[in-house]
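In: quick one, fold the following:
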Amino acid sequence: MERTRETKTQELVRRLKYNKSAVFGLVIIIILILCAILANYIAPNSPTPSPPELFKALKPGFWSEDGVEGMPLGADGLGRCVLSRILYGARVSLTAGFVAVGIAMILGIAFGTVAGYYGGWVDALVMRIVDIMFAFPALLLAIVIVTVLGQGLEKAMVAIGIVYTPQMARIIRSSVLYIKEMEYIEVQKAIGSSDWRIIFRHVLPNSIAPVIVYGTLMLATAILDCAALGFLGLGAQPPTPEWGAMLSRSYSYIMSGAWWAATFPGLAILFSVIGLNLLGDGLRDILDPRLKT
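Out: Numbers count the residues shown, from 1 in each chain. Next comes the predicted model:
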């Protein structure tokens with residue numbers, strides 16, 4: 001059994017190795033995660049100095065002779081190091097994305113599995129609720145939920161997790177509907193296995209591949225939506241170094257020539273979304289049995 005497991009793992013690694021776009025996306029994500037973990041050691045300054053060093057406000061970085069020492073990417077409107085805030089912001093933004101997707105996966109898998117396995121009125125009820133939630137644009141629904149729950153990063157993560165639950169529920173439901181008709185499921189029912197044993201031992205393990213792929217792609221959108229809520233002032237609150245909030249407080253400086261205050265946080269969001277999308281597409285190609293040769 002262990003030998004089979006090792007062979008499957010080696011096959012996945014081999015297929016990933018030959019998917020250059022997926023490897024590139026994985027490298028980007030690993031770099032961002034390392035930046036988040038090692039922010040205390042590699043950030044040149046504190047992300048929230050107290051008191052603020054206003055005499056450094058909007059100073060340029062290494063590309064200018066007027067650049068302030070110790071701030072390679074320049075300073076923002078309150079004299080804080082842009083690079084340090086981006087590094088610490090990686091912790092906030094990545095954590096927000098992972099937590100939001102985690103909430104969506106837990107709720108979506110629960111509702112989608114129950115709806116797909118039991119069918120009937122349970123399936124009809126869950127899917128009608130899903131259809132109602134799909135009727136609203138995702139970001140608009142997240143704004144409504146945050147407005148009800150209150151401002152803050154934690155509320156934003158919960159809101160995005162709730163908004164993404166219907167998508168995950170539909171993904172897992174479609175897999176469950178297919179798997180529950182397989183012969184080995186019928187055998188389990190014939191020998192008297194309980195529904196919960198069948199679900200947790202046979203249905204869910206064989207339904208997890210599309211969840212992993214879609215969860216990776218969803219993570220990119222979750223980070224983007226967290227940044228959008230932060231940009232609107234509904235997510236992370238000052239002085240938390242979150243990429244969307246950094247953009248919200250710096251985009252007005254572009255017209256005055258201090259382009260770096262908004263450009264570099266925007267690039268951090270851009271690269272994280274690109275990396276996760278490339279990795280998600282690669283995982284889809286690797287885990288889809290129809291694409292295996």
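
In: please make it C-alpha for all contacts and neighbour counts, starting now.
Out: OK.

In: out of everything not next to it in sequence, what's closest to the spatially most central residue of the chain?
Out: By Cα atoms, centre = their mean, the chain has its centre lying nearest to residue 219, at 2.2 Å. What sits nearest to residue 219 in space, not counting adjacent residues and going by Cα to Cα, 6 or more residues apart in numbering, is residue 97, at 5.6 Å.

In: wait, a strand at the one you found?
Out: No. Assigned with DSSP: H, G, I helix; E, B strand; the rest coil, residue 97 falls outside any strand and is helix.

In: okay, it and residue 272: tell me how far apart.
Out: Spatial separation of residue 97 from residue 272 under the definition Cα to Cα, to the nearest Å is 11 Å.

In: got any residues that touch both of the two?
Out: With contacts taken as Cα atoms under 8 Å, 6 or more residues apart in numbering, the residues that reach both residue 97 and residue 272 are residue 220.

In: in a helix, residue 239, correct?
Out: No. Residue 239 sits outside any helix when classified using three-state DSSP, being coil.

In: next, count neighbours for it.
Out: For residue 239, the tally of surrounding residues (other Cα atoms under 10 Å) stands at 12.

In: coming back round to it: so the residue nearest to the centre of the chain versus residue 29, what's the distance?
Out: Applying Cα to Cα, the value for residue 219 to residue 29 is 11 Å.

In: what touches both of the two?
Out: Listed as contacting both residue 219 and residue 29 by Cα under 8 Å, 6+ apart are residue 276.

In: tell me which residues of stretch 132-142 come out buried.
Out: Judged by neighbour count (16 or more other Cα atoms under 10 Å), stretch 132-142 contains these buried residues: 133, 138-139, 141-142.

In: tell me which two in those are the farthest apart.
Out: Taking Cα to Cα as the measure, the buried residues of stretch 132-142 reach their widest spread between 133 and 139, a distance of 11.6 Å.

In: look up the pLDDT of the residue nearest to residue 219 for me, please.
Out: Looking at residue 97, its pLDDT stands at 91.

In: so it makes contact with residue 216?
Out: No. When contacts are counted by Cα atoms under 8 Å, residue 97 is not listed as touching residue 216 (10.2 Å).

In: any stretches of the protein with poor pLDDT?
Out: Low-confidence segments of the chain, defined by pLDDT under 70: 1-9, 11-12, 288-293.

In: related to what we said a few turns ago, filter the buried residues of stretch 132-142 down to the ones in strands?
Out: Helix and strand membership here follows DSSP state E; of these, not one is in strands.

In: reformat the residues you listed as CSV; add distance to residue 76.
Out: Written out in CSV, the entries for those read as follows (distance: Cα to Cα, whole Å):
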residue, distance to residue 76
133, 39
138, 31
139, 28
141, 32
142, 29
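
In: helices - which of those land there?
Out: Cross-referencing those against helices under DSSP state H gives 133, 138-139, 141-142.

In: and the helix or strand in which residue 211 is found, how far from the chain's centre?
Out: Secondary structure assigned from DSSP states H and E places residue 211 in helix 208-231. What separates the centre of helix 208-231 from the centre of its chain is 4 Å, taken as Cα atoms, centre = their mean, to the nearest Å.

In: kindly report the same for stretch 55-64.
Out: For stretch 55-64, the separation from the chain centroid amounts to 32 Å (computed by Cα atoms, centre = their mean).

In: extract the CA atoms of it and return them as PDB.
Out: Output of stretch 55-64 as PDB, limited to C-alpha atoms (Å, rounded to 0.1, in the frame of the first residue of the first chain):
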ATOM      1  CA  PHE A  55      10.000  64.000   7.800                       C
ATOM      2  CA  LYS A  56      10.500  61.000   5.600                       C
ATOM      3  CA  ALA A  57       7.000  61.100   4.100                       C
ATOM      4  CA  LEU A  58       6.900  60.300   0.400                       C
ATOM      5  CA  LYS A  59      10.600  60.100   0.000                       C
ATOM      6  CA  PRO A  60      11.700  58.000  -3.000                       C
ATOM      7  CA  GLY A  61      13.700  54.800  -3.000                       C
ATOM      8  CA  PHE A  62      16.900  53.400  -4.400                       C
ATOM      9  CA  TRP A  63      16.300  54.900  -7.900                       C
ATOM     10  CA  SER A  64      16.700  58.500  -6.700                       C
END
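
In: show residues contacting it.
Out: So stretch 55-64 is in contact with 66-68, 71-80, 258, 260-261, going by Cα under 8 Å, 6+ apart.

In: one more time with 6 Å
Out: The contact list for stretch 55-64 (Cα atoms under 6 Å, 6 or more residues apart in numbering) reads 67, 72-79.

In: could those go into TSV alongside secondary structure?
Out: Putting these into TSV (three-state DSSP) gives the following:
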residue	secondary structure
67	coil
72	coil
73	coil
74	coil
75	strand
76	coil
77	coil
78	coil
79	coil
